[in-house]
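> Give me coordinates for this.
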Amino acid sequence: MKLISIGFGSFVSLERIVAALDPSSNPIKRVVSQAREDGRLVDATYGRKTETVLIMDSGHVILCPLTPDEVSGRAARREGGGQDES
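Okay, the predicted model is just below:
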């Protein structure tokens with residue numbers, strides 16, 4: 001299992017990420033709201049601003065303090081076999 005750091009000592013499985021989305025659009029805000037109601041929301045921001053919403057193949061929604069570009073870069077480095085930064 002390949003894990004990537006999403007900040008503050010939190011990691012997610014790279015293989016299970018379906019999408020990394022900008023949280024500012026209304027449809028994504030509805031996805032986050034519905035996940036919160038259903039108990040599928042994981043807030044990994046530790047009080048920081050949500051920069052990315054990760055949709056997982058399990059249906060869980062993870063709020064991440066990294067930008068989508070940072071998540072993508074970390075995923076690309078991990079896929080390339082490099083060490084992920086924490």
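
> Strands of the chain, start to end?
3-7, 10-13, 17-21, 41-43, 52-56, 61-64 (DSSP state E).

> Comparing those strands, which comes out most buried?
Most buried of those, by mean neighbour count (mean count of other C-beta atoms under 10 Å): strand 61-64, with a mean of 22. All C-beta spots, glycine's among them, are computed from the backbone N, C-alpha and C.

> Give me the contact list for it.
Contacts to strand 61-64, defined as C-beta atoms under 8 Å, 6 or more residues apart in numbering, come from residues 6-7, 12, 20, 23, 31-32, 35, 40-45, 50-56, 71.

> try it again with 10 Å
With contact meaning C-beta atoms under 10 Å, 6 or more residues apart in numbering, strand 61-64 is reached by 6-8, 10, 12, 17, 20-21, 23, 28, 31-36, 38, 40-45, 48-56, 70-71.

> What does the pLDDT read for the residue nearest the centre of the chain?
Centroid check for the chain by C-alpha atoms, centre = their mean gives L54 as the closest residue, at 3.4 Å. If you check L54, the pLDDT there is 98.

> Ignoring the adjacent residues along the chain, who's closest to E15?
K2 (6.3 Å; C-beta to C-beta, 6 or more residues apart in numbering).
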